[in-house]
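A.B. asks: Quick one: sequence and predicted model below, then my questions.
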Amino acid sequence: VQLQASGGGLVQPGGSLRLSCAASGFTLDYYAIGWFRQAPGKEREGVSRISSSDGSTYYADSVKGRFTISRDVAKNTIYLQMNSLKPEDTAVYYCAAQRSGRSSYEIWGQGTLVTVSS
């Protein structure tokens, strides 16, 4: 049972990246998925979330209008499309799964580094 985050890299300000979070050993049908990030010297923050029940989404104010979270049921994968990237988006990005009815995220991916720099 694991989540595999990928898609990070170096991009110039204003550029785009798409992160993937692939689940193995379990189905995402009953899990909400959240994307988090942690920049050097800062606390981890929630970036986005997609629910398991109705697909409703949440975005932090800092990424609203620039990031889009989506789910591919057939591939058992969650995506985070990041556009208009800014240097302050530089961080290690993690995905995590929260089982329906549970109060915390139970399964965490290993993180993927996003660096926004010219």
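C.D. replies: Everything's here; your move. Please read these numbers as outputs of a predicted model, since none were measured by experiment.

A.B. asks: Spatially central residue in this protein, please.
C.D. replies: Centroid-nearest residue in the chain, with Cα atoms, centre = their mean: Trp35, separated by 2.9 Å.

A.B. asks: Please pull up the helix or strand immediately following the helix or strand hosting it.
C.D. replies: Trp35 is part of strand 31-38 when elements are defined by DSSP states H and E. Going down the chain from strand 31-38, the next helix or strand is strand 45-50, by DSSP H and E.

A.B. asks: Enumerate the positions of that next one that are buried.
C.D. replies: Buried residues in strand 45-50, counted by 16 or more other Cβ atoms under 10 Å: Val47, Ser48, Arg49, Ile50. Where C-beta positions appear, they are placed from N, C-alpha and C, glycine not excepted.

A.B. asks: One more: stretch 75-94?
C.D. replies: Using 16+ other Cβ under 10 Å as the test for burial, stretch 75-94 gives 76-80, 82, 85, 89-94.

A.B. asks: what does stretch 101-115 give?
C.D. replies: Those would be Tyr105, Ile107, Gly109, Gly111, Thr112, Val114, for stretch 101-115 by 16+ other Cβ under 10 Å.
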